[in-house]
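# Need coordinates for the below:
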Amino acid sequence: MGEILSQSEIDSLLAAISSGELDASDVDKGDEKQVKNYDFSRPTKFSKEHLRTLEIIFEHYGRLVSTNLPAYLRNNVQVTVVSSETLTFSEFTNALSNPVVLGIINFAPLNGTIIIDMATNLAYAILDRMLGGLGVPLEKNREFSEIELSIIQKVLVMMTQLLREPWKNVVDVSPVLNRVETNPQFAQIIAPSDMIAIVTLSLKIGDVEGMVNICLPFFTLEDVMDRLNTKFWFASMQEKHDENYEEYIESMIRKVDVPIKAVLGKSTISVGDFMNLQVGDCIRLDSKVENDMNIYVGNIRKFTALPGANKDVYAVRITSVIREED
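Modelled structure (predicted):
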């Protein structure tokens, strides 16, 4: 509140102005209100509270991706939320390169669709990793083949399914990947002037790092905008028990494929004998038929077993489990 003048102070001030001792323009008019220009072509439909809530949702989503994606890539994955902002859809599409990896996702029961934009270096690294490589991206971008797109689509389907859990506190969604586009011209899901929220994630796979942009049109989220606030979010959150989290981690670990090998025995021969081996030759091993054989899970000796057959297929029967303390 401004300072209140007494009547004598007011009379002195008026007398000073009348005599010319004080210029009226020098009188402090108080703090003027700052006027902010409003762009009617870009109406503000997402408030800071909305963007903050979207960041919270996708922080949860990032944790799920960093937990589930390594099961496919067998490599360390780190996901962090970088920023959130509002743009027009034309500004988003104009910034896209060609080729690009765009996952068009039906966000039922909400109206419309959303887009996952994955950096091409990440897509190439994922392809290289899933095809047996070290996860190194290409030095120069090129078009994706049909086989490569089918592999990328499998990863995007997994990433789409993970959207359910983070959005559960806002709305129960059943996202479905409609298609994968590599040309931005075929991803016109809304009018160019419509407003969207962009949540940018940093995805790091091993030593390769790139951006994943989530495009969320206002048209799609309009029905749940009143729920996109932190008060509603925390009020509807349900605490997860530790045992439920452990069961979830255990269920994810069970999906990971691990190599198992049964070693009948070992032997040492000369290179000359090895070069002269013929069909029907016998190699003497260092174990007997009645002895247990070692079973390795990866490179770790985990079981002992006896060789045999199950119908027409070779098999082994586990005789003991080797504990870590053994």
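
# next helix or strand past the longest helix belonging to the chain?
Within the chain, and with DSSP state H defining each element, the longest helix by residue count is helix 48-68. As assigned by DSSP states H and E, the chain's next helix or strand after helix 48-68 is helix 70-73.

# For that following helix, the averaged confidence score.
Predicted confidence along helix 70-73 averages 85 (mean pLDDT).

# Repeat that for stretch 156-175.
Per-region confidence: stretch 156-175 scores 89 on mean pLDDT.

# ok, back up a step: please identify the buried residues of the longest helix of the chain?
By 16 or more other CB atoms under 10 Å, the buried positions in helix 48-68 come out as 50-51, 53-58, 60-62, 64-66, 68. C-beta coordinates here come from the backbone N, C-alpha and C atoms, glycine included.

# okay, and for the stretch 1-150 of the chain, where does confidence drop off?
Under the criterion of pLDDT under 70, the regions of the stretch 1-150 of the chain flagged as low confidence span 1-7, 20-44.

# contacting residues for Leu122?
137, 203, 205, 208, 210, 212 (CB atoms under 8 Å, 6 or more residues apart in numbering).

# sorry, back to before: which elements pack onto the longest helix of the chain?
For helix 48-68, the helices and strands in contact under the criterion 3 or more CB pairs under 8 Å, 6 or more residues apart in numbering; DSSP states H and E are strand 77-88, helix 164-167, strand 195-205, helix 230-236, helix 242-253.

# What segments of this protein are strands?
77-88, 101-106, 113-118, 176-181, 195-205, 208-217, 260-263, 293-297, 300-310, 313-321 (DSSP state E).

# Each with direction, which strands does the fifth one pair with?
The strands that strand 195-205 pairs with in its sheet are strand 77-88 (antiparallel), strand 208-217 (antiparallel) (by DSSP bridges).

# ok so, going back, among the buried residues of helix 48-68, give me the pair with the biggest separation.
Greatest spatial distance in the buried residues of helix 48-68: His50 and Asn68, 26.8 Å, computed using CB to CB.

# quick revisit: return the closest of the contacts of Leu122 with respect to Arg284.
Taking CB to CB as the measure, Arg284 sits nearest to Ile205 out of the contacts of Leu122, at 46.9 Å.

# Return the residues in contact with that closest one.
69, 73, 75-77, 122, 125-126, 129, 135.

# Of the residues you listed, which is the nearest to Cys282?
Comparing the contacts of Ile205 against Cys282 with CB to CB picks out Arg129 as the nearest, at 41.6 Å.

# doesn't Gly135 make contact with the closest one?
Yes - at 3.8 Å, Arg129 and Gly135 qualify as touching, with contact defined as CB atoms under 8 Å.

# Can you tell me which of the contacts of Leu122 lies closest to Pro99?
Minimum distance to Pro99 across the contacts of Leu122 is 13.2 Å, recorded for Pro137 (CB to CB).

# show me the contacts for that closest one.
If you count contacts by CB under 8 Å, 6+ apart, then Pro137 has 120-122, 124-125, 128, 208 around it.

# Neighbour-wise, which one of the residues you listed leads?
Of the contacts of Pro137, Ala125 is surrounded by the most neighbours, 27 neighbours in total, counting by other CB atoms under 10 Å.
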